[in-house]
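**Student:** 3D model of this:
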Amino acid sequence: MHVGQMVVNGIALFLIIVLGYLLKRFGLLGKADGTSLSVVILNLTLPAVIIVNLADLPIEGYYLWLIPIAIVLTLLQIFLGKYFSRKESKEIQAFFMYGVSGYNVGNFILPFLQSFFVAGIPAISLFDVGNSIMLAGGTTIAVDHLSGKAEKTSFGQILKRLFRNPAFTTYLVMLTLRLLNISLPQTLVTMISPIAASNGFLSMLMIGLYLELRLPRKAMGVVGRSLLLRYGIGLVMVTVLYFLPLPSLMKVVLALAAVSPMPIFNTINAVLAGATEETVGFFSSMSFLLSLPLMMAVVLVFGI
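**Tutor:** Below you'll find the predicted structure:
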């Protein structure tokens, strides 16, 4: 992609986020509308993106490795979050582990790729299968174990959460069809395409509605250190990937994931683990604002 076009696309995505924030500030829309949008995205536009982009995907054997890679990388993030917060209270440790781990594929990376690099969507979809397994319960199990909590999540509970997630179910159905070399009718894919095309706009607008730019002063240190750790891990990963002899598409997808923002599931779980909504909301908002320019930088560095 030409650099000028990339900058224009990046500014467009940022302005949609700003638009959502301003609509909230002027009282035209609110957080409740963001919640409504998230329902539309999760149940309609995101599955539509997955269907359209996996409809004719030839399954490359080595790309299936992206599924376990996502699980391993998330576990590594969790362990690093635990290590760098080991002297803090259990609540802050849990906040670190949720804050620095996981990948926001559906609400951020996919809309970004729709604007910058459509060829990367099938690969990031495979990565998101492993990511979804962790977000649906794997991360909670690891965090609870490392923070010494008694609550346990059973394998059955994880499966229930996974299959209640429309995106994961759509991934599973589409990957099964492609492994069996079954293609959906082109007419159906064409009909779904306009729904898929709206995913980027709705996701960025929702992020703007959720933005929180106020933070109690006493929480600034914890948020600052956890942001530094999340993006420190991400930038180290990007540097390592740049020099690894991997297929270029896999390198780009993993590099974009490395600097992506905090997943929505982890924001919910961090609050349930004892973090305040203001702290988690501010951390999440800052991660969205930091990730957009970093992901654009990845596109430039890797020469998409």
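**Student:** next, the buried residues of stretch 209-219.
**Tutor:** By neighbour count on 16 or more other Cβ atoms under 10 Å, the buried set for stretch 209-219 is 209-212, 215, 219. For every residue, glycine as well, the C-beta is placed using N, CA and C.
**Student:** return the distance of that stretch from the chain's centre.
**Tutor:** For stretch 209-219, the separation from the chain centroid amounts to 20 Å (computed by Cα atoms, centre = their mean, to the nearest Å).
**Student:** from one end of it to the other, what's the distance?
**Tutor:** One end of stretch 209-219 sits 22 Å from the other (Cα to Cα, to the nearest Å).
**Student:** dump the residue contacts of the residue most central in space within the chain.
**Tutor:** For the chain, the residue nearest the mean C-alpha position is N104 (0.7 Å; Cα atoms, centre = their mean). Residues counted as contacts of N104 (Cβ atoms under 8 Å, 6 or more residues apart in numbering) are 260-264, 291.
**Student:** separation between K251 and L244?
**Tutor:** 7 Å (Cβ to Cβ, to the nearest Å).
**Student:** the more surrounded of those two?
**Tutor:** Between K251 and L244, counted using other Cβ atoms under 10 Å, K251 has the larger neighbour count: 19 against 9.
**Student:** pretty sure that one contacts F243?
**Tutor:** No. Here K251 does not reach F243: they are 9.6 Å apart, not a contact under Cβ atoms under 8 Å.
**Student:** where in this structure is pLDDT low?
**Tutor:** Low-confidence segments of the chain (pLDDT under 70): 1-4, 6, 149-154, 304.
**Student:** report the secondary structure state of the most far-flung residue of it relative to its centre.
**Tutor:** Residue farthest from the centre of the chain, counting by Cα atoms, centre = their mean, is T187 at 30.1 Å. Assigned by DSSP: H, G, I helix; E, B strand; the rest coil, the conformation of T187 is helix.
**Student:** for S193, see how far away it is.
**Tutor:** Taking Cβ to Cβ, one finds T187 at 11 Å from S193.
**Student:** check which helices and strands the one helix or strand I71 maps to is in contact with.
**Tutor:** Element membership for I71, per DSSP states H and E: helix 66-84. Secondary-structure packing of helix 66-84 (3 or more Cβ pairs under 8 Å, 6 or more residues apart in numbering; DSSP states H and E): helix 90-100, helix 121-133, helix 139-146, helix 220-243, helix 248-258.
**Student:** pull out the buried residues from it.
**Tutor:** For helix 66-84, by 16+ other Cβ under 10 Å, it's 66-67, 69-71, 73-74, 77-78, 80-82, 84.
**Student:** what does that helix contact?
**Tutor:** Residues contacting helix 66-84 (Cβ under 8 Å, 6+ apart): 93, 96-103, 123, 126-131, 133-134, 138-139, 142-143, 146-147, 225-226, 229-230, 233, 237, 250, 253-254, 257.
**Student:** what do you get for stretch 93-100?
**Tutor:** 77-78, 80-82, 84-86, 88, 139, 142-143, 146-147, 222, 226-227, 229-230, 233, 262, 266-267, 269-270, 273-275, 279-280, 283.
**Student:** among those residues, name the buried ones.
**Tutor:** 77-78, 80-82, 84-85, 139, 142-143, 146-147, 222, 226-227, 229-230, 233, 262, 266-267, 269-270, 273, 275, 279-280, 283.
**Student:** how many residues are close by the residue lying closest to L23 once chain neighbours are set aside?
**Tutor:** Ranked by Cβ to Cβ, 6 or more residues apart in numbering and with sequence neighbours excluded, the top spatial neighbour of L23 is L29, at 4.3 Å. Neighbours of L29 under the rule other Cβ under 10 Å: 20.
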